[in-house]
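Enquirer: Next one to model:
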Amino acid sequence: MQNYEECFRSVKKDCFKFISSQETPNEKFKNKQKMIEKFLVPVCFWISKKIRKNNTTFVGLSGGQGTGKTTTSSLIEIILKKYFKLKVFKISIDDFYKTRKERISLSKKVHPLLKTRGVPGTHDIDLMINFFKQVKKKKFKTIFLPKFEKSIDDRVIKKKWYKLKKKPDVIIFEGWCVGAKSQKNKDLNKSINQLERNHDQSLKWRKYVNKQLLNKYKKFHSMLDHLIYLKAESFEILRKWRLKQEKKLSINTKNKKNLKIMSKQEVLTFMMTYQRITENMFKYASKYASVLMTLNDKHQIKKIKYLK
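Expert: Numbering: from 1, shown residues only. Presented below is the predicted three-dimensional model:
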């Protein structure tokens, strides 16, 4: 019989310590015990059953802006390591953003909106695919992986990159568009927000992004063994959560110079670039995700459904 209580007792201290490190004086984590014991511990038991001997299990974790992907994936990592004694490596799709210089170049060649990080086409997708291929090789060699710093909107210098020395049992790959599917061309015709109406009248930007999902991103997503999806109630709630996220980033980096912290209006505009794919995932992710975690308006998991 699965001993969820024993698992929770084993990981409680480490999980609570991590959560405390993420809190600010004005924003405390509510119902943390319930989230871990009722939802995340069972998910980790589910993942542990999917492990293949001598092979790495690739778990994608997806959700809209501000849904708590980093916190959720970090807690899952802690539980899998502490209780199940698994070798786990966690990384975000954000770390694979093209450099600022590369995005500026792309924006000049294809469309100005591609200067803004986020949508498919602004990641180094070849590097992502190659990363998974390297992990799958029988003879594992140390892998160096990029690290992206949002406060400067660019990659950190190479000596600060991630270093994966041993073949992991589990890779948790989290990101807002992980697992996203392309749309039909006819569905691209109608603009869904002010940004598309004013800055993509030719449809060139959204068609380029959609083409990325249809090709290399589709190939990358096919390399995932499982997908966990965090579903918020609406895009309006995501806007609210993303604004809080930027405020927190500002607090955590207030003593640093030359930062790219966004204003409220910049965040709202930034979110518009995510809206089309996010709302498409609202509709269809439950059809292809392995696990669906539904969030309430208080930023808490209210239910979980195992789909595969």
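Enquirer: pretty sure residue 299 contacts residue 241?
Expert: Yes - when contacts are counted by CB atoms under 8 Å, residue 299 is listed as touching residue 241 (6.4 Å). Placement of C-beta: from N, CA and C, glycine included.
Enquirer: May I see the buried residues of the helix or strand bottoming out on mean pLDDT in the chain?
Expert: Within the chain, no helix or strand scores below helix 235-252, which has a mean of 80 by mean pLDDT, DSSP states H and E. In terms of neighbour count (16 or more other CB atoms under 10 Å), helix 235-252 has its buried residues at 235, 237, 238, 239, 241, 242, 243, 245, 246, 247, 249.
Enquirer: And these, which is closest to residue 142?
Expert: residue 249 (30.8 Å; CB to CB).
Enquirer: Point to the residue nearest the middle of the protein.
Expert: residue 175 (1.6 Å; CA atoms, centre = their mean).
Enquirer: confidence score at that one?
Expert: pLDDT recorded at residue 175 is 97.
Enquirer: and it, what does it touch?
Expert: 60, 61, 62, 69, 92, 93, 94 (CB atoms under 8 Å, 6 or more residues apart in numbering).
Enquirer: The last one and residue 148 touch, don't they?
Expert: Yes - using CB under 8 Å, residue 94 is in contact with residue 148, at 5.3 Å.
Enquirer: Helix or strand: which one has residue 220?
Expert: helix 216-221 (DSSP states H and E).
Enquirer: Let me see the residues that make contact with the very next helix or strand once past that helix.
Expert: Downstream of helix 216-221, the next assigned helix or strand under DSSP H and E is strand 226-231. Contact with strand 226-231 is made by 43, 47, 50, 57-64, 67-69, 72, 178-179, 221, 281-282, 285-286, 288-295, 301, 308, as judged by CB under 8 Å, 6+ apart.
Enquirer: Look at the nearest residue to residue 156 once chain neighbours are set aside and say how many residues are nearby.
Expert: Closest residue in space to residue 156, ignoring its immediate chain neighbours: residue 147 at 4.9 Å, by CB to CB, 6 or more residues apart in numbering. Using other CB atoms under 10 Å, the number of residues around residue 147 comes to 17.
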